[in-house]
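> Kindly return the folded structure for what I paste below:
(2 chains)
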Amino acid sequence: MKDFAFHRPTTIKDAVALLRAHAGGKVLAGGQSLLPVLKLELAEPSDLVSLAHVKELHDIRLDGGTLAIGALVTHDQVHRSPEVGKAIPALATLAGGIGDAQVRNRGTLGGSVAHADPAADYPAALVGLGATIVTDRRKVAAEDFFTGLFQTALAHDELVTAVHFPVPRRAAYAKFAHRASKYALVGVFVAETAGGVRVAITGAGAKVFRLASFEAALGKKLDASSLAGLTVPSTDLNGDAEASAEYRAHLIGVMARRAVQALA
Amino acid sequence: MTTNQGIGAAVLRKEDRRFLMGKGQYVDDMVLPNQTYAAFVRSMYAHAKIRRVDTTAALAAPGVVAVFTGDDIAADGLGGLPCGWLIKNKDGSPMVEPAHPALAQGKVRHVGDPVAMVIATSKAEARAAVGLVEIDYDVLPAIGLLADGVKPGAVLVHDEAKGNLCYDWHIGDPAATDAAFAKAAHVVELDLTNNRLAPNPIEPRAAIGVYDIAADHHTLYTTSQNPHVIRLLMGAFTLHVPEHKLRVVAPDVGGGFGSKIFHYAEELMVTWAAKKVGRPVKWTADRSEAFMSDAHGRDHISHARLALDAGGKILGLQVSTLANLGAYLSTFGSSVPTYLYATLLSGPYDMPTIYAEVKAVFTNTVPVDAYRGAGRPEAAYLLERLMDKAARQLGVDRIELRRRNLIRPEQFPYQTAVALQYDTGNYQATLELALKQIDHASYDQRKAESAKRGKLRGFGISTYIEACGIAPSAIAGALGARAGLYEAATVRVNPTGSVTIFTGTHSHGQGHETTFAQIVADKLGMPVDNVDVVHGDTDRILFGMGTYGSRSAAVGGSALIKALDKVIDKGKKIAAHLLEASAGDIEFKDGTYRVIGTDKVKAFGEIAFTAYVPHNYPIETLEPGLEESAYYDPKNFTYPGGCHLVEVEIDPETGVPEVVEVAIADDVGTIINPMIVDGQAHGGLAQGIGQALYEEVRYDAEGQLTNGSFMDYCMPRAADLPNFKVGNHVTACTHNPLGVKGVGECGAIGVPPAVINAIIDALTPLGVTDISMPATPEKIWRAIQAAKANKGA
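Here you go, the predicted structure:
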């Protein structure tokens, strides 16, 4: 690991100012993705701006039809939150399946969202539920937020502060995990929302994506049988030693069906 | 005094006190005054000529003390890393032994091959300077895969090894085997691979070299399973210093599984460099480095043929194996696919004739050597896959086919067709016990219940044997071993009766500090807390060959018994003097010397005290003191064996296999501590299931290591494993004083074929006939798809 300057601001404003001042700086939240990257020297930031002392990003609030979760809420807190469990049980389940206990105790919602790992679990929920990402300066729809492989709509000095999830009628997440890393080889989030059925896939492509053909079929009848005979082309899917693109395409169908069967 | 802590007692592990308190002392925990830190510049190429190494920038970097290259060690005459076992070709000529320099000499031959060593005042500075060593490579085509190494015209890893062959070896009787096949009613054939594994002990390798200029003496602290062997090899072959000028210490070591047997470049380099820089030099591998520098295990491709008569009785076996040795011969790399593999091909079966050929191949990959089981898992996997295929081909129940062929108790001692003589066993008993433990009688109900949940259930069996307690020195020597394989022990009775023992074996997870204390407690009739076990230090222990091949109890424990017998005998003479009797009339039992048939007694402690305060003592005929040493060279290998049963459930939609039941019955000989024996079985089973389902080191055809991290290389985790049902049926080894056989490796040997056999059994109704290890979900899914397509066609 290369040397870096370490900052621990107490407000979002100061954190943003620090990022603005240090073009080579990086935000440190729970560190579950950033620290391994630093240890392997895959990134060599000049400065780390830790959010550990920022107080205001830790809330979970259910406000009418919207569940608002602060960026520094850990995966474990989401998993165990009574509000999340009541409003969107699928989100609590998803958070409880991220990585392992150590990762869930340190890793944060905002960190995961900003990192935009193509195999992370949260992006499927954000896109599947039509969530809104709140930053220090604006609101961005989840579908506009994830722009590519580890790419988001965030500016260098922009911080995720919260995610607003519209509460769906029902939702479920079915994940097929990489056996070693426990990241999603394929994760399918299915939600019955006020605006219709949404199906979001993580792990299978360069970024999270919606599957229009599945949404259309499930929109007619929200039942696993509606997916019978539907296949997913493997053309643009990830393929690697753990799972080929063809296998991932197959798993999307299986996991989507299981998600539909698990809707709650 | 009687004790309930002797042989057979489930005594809690004495060493766990310090481990659970975080007070273990591992090499990396040691901080020596003025120590420096080493980091290695490793090749990123699988095969390349080194045109130039420029250390200028690295030497100028902050904190850098020295940078050494291959030229520096060549100038100092540092020897190459030797191989400890000479294998001869079919024609009697010796194997090819290419040089294995500690730092590359003009050429690198695998990703991770060390090219230069940077020493700095901090670890961070050393690592930072690694990137500043400029190496000008001329990249060459490489052999990344075993099968490519023997193709005509293949690139040569070593110019002197034509066809990339280290040796072309064989064992058994080809003519008799041909004859057996000629009269066979059935011939069963199978091609299979044994997947390459990374040992991955929890503690990566580490070493600290220290040089005392005043005494002209070296000390090496290293993560070793056999410090005396390392001293021997460094003295004779690599560092060229006499033994009295070199102390090797292996303190607490966090697992080895074989990978810490071998003499590695890094421990040699820190010892050598400590003298060069005049300061201690420390190196600790990180996990990425471990993946590309610890010796790997397995990596075979085999073709096997089994001949059977009409009644399903085995007539003969033919095996042809390609074994990957990696880029260089590791310390025992040559012995693993030969005398630790092919000699086990009779398994637990009465097999009249066997012929096996092994071609050992150099490739541009990390050297391959012994890993938990070492050769024996490869043999068991081949044989047990073959037995299952035979049962299907003949239409005979798999258990029944084994029953027809297992060696019967009255056939012992049993001479196999491949050199070994099994002394004892009862394979029928372990088979029946395992079947009972898994409740095989109600298997069909479980299968039906699985089917209701949409799962395909399969049952897998493996009846296996291994050869442990390595090894009779004369036999090993005749087969090419360049060392003896005895063991040594010292029993020091302290003046007030407590005991310190010194063993040449090494404990790195096995629990010797407890089991060896139990042996003493049993023999001398004292609590285990009165016994301390010292291991892992060439200056404190007389000698030893270390711990591997499930040998510590069988060989080291036997040496300890011999030394204890000497102590007891000397005590008899002292007791006879004190009790005014003849030594022949003294018996020793439960910690007390007694004149037989009388109430005249002396406690062991009194005898010990008298030995050190010899006021009333037979000083004319007996020396004071009570300390005895013994060496023990085994008469034969030991032959643990047993039966491992597995039930799996497969999700036919995704191909995901789950091991849902594991029941085993082993015969490991006399059990010293049943808790530790169970623990050894559990660990071995986890690693065996790891091989069957999860683990595989992957190289691409160009020799790049493509999964050298825990993000990609899948280790088995607790959540992947069911509760194990572990049983034992003991037949005592007939040729060592404890009757022990060894338990360290049985799990890793017996269970992989049982898992694969269970998976194939589950998929047989769909038409699947083969699955290779590791049986990944995608592999299983593809096999199902292919079988469906076949059926449709």
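> Could you pull up the mean pLDDT of the helix or strand where residue A:35 lies?
Per DSSP states H and E: residue A:35 is located in helix A:34-39. Taken as a whole, helix A:34-39 carries a mean pLDDT of 92.
> With stretch B:393-408 instead?
Per-residue pLDDT over stretch B:393-408 has a mean of 98.
> That stretch: end-to-end distance?
Counting by CA to CA, to the nearest Å, you get 24 Å between the two ends of stretch B:393-408.
> for that stretch, the distance to its chain's centre please.
30 Å (CA atoms, centre = their mean, to the nearest Å).
> next one: stretch B:192-200
Average the C-alpha atoms of stretch B:192-200, do the same for its chain, and the two points are 14 Å apart (CA atoms, centre = their mean).
> any residue of that stretch up close to chain A?
No: Stretch B:192-200 stays out of contact with chain A when judged by CB under 8 Å from any CB of the partner chain, the minimum separation being 11.8 Å. (C-beta placed from N, C-alpha, C; glycine too.)
> Identify each buried residue in stretch B:237-254, please.
Of all the residues in stretch B:237-254, those buried under the rule 16 or more other CB atoms under 10 Å in any protein chain shown are B:237-239, B:241, B:246-254.
> Closest residue of chain A to chain B?
As assessed by CB to the nearest CB, chain B sits closest to residue A:180 within chain A, at 3.8 Å.
> Was I right to think that residue contacts residue B:712?
Yes: at 5.6 Å, residue A:180 counts as touching residue B:712 under the criterion of CB atoms under 8 Å.
> Quickly find the element holding the closest residue to residue B:771 other than its chain neighbours.
Leaving aside its chain neighbours, residue B:771 sits nearest to residue B:759 (5.3 Å; criterion: CB to CB, 6 or more residues apart in numbering or on different chains). Using DSSP H and E, residue B:759 maps to helix B:746-763.
> Now do the shared contacts for residue A:180 and residue B:712.
residue A:242 (CB atoms under 8 Å, 6 or more residues apart in numbering or on different chains).
> that older thread, farthest-apart pair in the buried residues of stretch B:237-254, please.
Pairwise distances across those (CB to CB) peak at 28.1 Å, for the pair B:241 and B:254.
> Which residue is the nearest non-sequential neighbour of residue B:515?
Nearest to residue B:515 is residue B:672, by CB to CB, 6+ apart, at 4.6 Å.
> ok, now residue A:261?
Residue A:261's closest residue in space is residue A:224 (CB to CB, 6+ apart), at 5.2 Å.
> Mind pulling the model confidence for the one you found?
As predicted, residue A:224 sits at a pLDDT of 97.
> quick one, what contacts it?
So residue A:224 contacts A:257, A:260-261 (CB under 8 Å, 6+ apart).
> Of those residues, keep whichever come out buried.
With burial judged by 16+ other CB under 10 Å, the buried subset of these is A:257, A:260.
> Out of the buried residues of stretch B:237-254, name the ones that lie in strands.
B:246-249 (DSSP state E).
> Going by distance to residue A:115, which of the residues you listed wins?
The closest of those, once distances to residue A:115 are taken by CB to CB, is residue B:249, at 44.3 Å.
> and residue 28, how many neighbours?
Just so you know, I chose chain A. Per other CB atoms under 10 Å in any protein chain shown, the neighbour tally for residue A:28 reads 21.
> my bad, chain B
Residue B:28 has 19 nearby residues by other CB under 10 Å.
> got a list of what it touches?
Counted by CB under 8 Å, 6+ apart, residue B:28 has contacts B:203, B:206, B:282, B:284.
> same question, residue A:108
For residue A:108, the contact set (CB under 8 Å, 6+ apart) comprises A:29-30, A:71-75.
> still on that earlier bit, from residue B:531, how far off is the residue nearest to residue B:515?
13 Å (CB to CB, to the nearest Å).
> next one: residue B:349
42 Å.
> what sits against residue B:758?
B:458-460, B:646-648, B:659.
> Show me what the lengthiest strand in chain A is packed up against.
Ranked by number of residues, the top strand in chain A under DSSP E is strand A:184-193. Counting contacts by 3 or more CB pairs under 8 Å, 6 or more residues apart in numbering or on different chains; DSSP states H and E, strand A:184-193 is packed against helix A:89-96, helix A:122-129, strand A:170-177, strand A:196-202, helix A:245-261.
> Over to the closest residue to chain A within chain B. Which of the three states is it?
Going by CB to the nearest CB, chain A is nearest to residue B:714 of chain B, at 3.8 Å. Recorded secondary structure, residue B:714: coil (DSSP: H, G, I helix; E, B strand; the rest coil).
> now the helices for the stretch 651-793 of chain B?
Per DSSP state H, counting those that start in this stretch, the stretch 651-793 of chain B carries helices over the ranges B:674-689, B:746-763, B:777-792.
> quick one on the thing from earlier: rebuild the contacts of residue B:758 as TSV, extending it with pLDDT and neighbour count.
Output for these, formatted as TSV (pLDDT from 0 to 100; neighbours: other CB atoms under 10 Å in any protein chain shown):
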residue	pLDDT	neighbour count
B:458	98	25
B:459	98	22
B:460	98	28
B:646	98	32
B:647	98	26
B:648	98	30
B:659	98	24
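> So of those residues, which two are at opposite extremes in space?
Farthest pair in the contacts of residue B:758 (CB to CB) is B:459 and B:659. Separation: 11.8 Å.
> Overlap in contacts, those two.
Common contact partners of residue B:459 and residue B:659 (CB under 8 Å, 6+ apart): B:646-647, B:758.
> mind listing what residue 198 touches?
Just so you know, I chose chain A. So residue A:198 contacts A:127-130, A:189-191, A:210, A:215 (CB under 8 Å, 6+ apart).
> um, chain B though
Contact analysis of residue B:198 by CB under 8 Å, 6+ apart lists B:290-291, B:294, B:296-297, B:695, B:697, B:713.
> Give me the residue at the spatial middle of chain A.
Nearest residue to the geometric centre of chain A (CA atoms, centre = their mean): residue A:122, 2.1 Å.
> hang on, isn't that residue packed against residue A:113?
Yes: applying CB under 8 Å as the test, residue A:122 and residue A:113 come out as touching, 5.8 Å apart.
> for stretch B:74-89, what is the average pLDDT?
Computed over stretch B:74-89, the average pLDDT equals 97.
> what residues does that stretch touch?
Contact with stretch B:74-89 is made by B:94-95, B:97, B:99-102, B:105, B:166-169, B:229, B:233, B:237-240, B:263-265, B:268, B:272, B:328-335, B:338-339, B:360, B:479-483, as judged by CB under 8 Å, 6+ apart.
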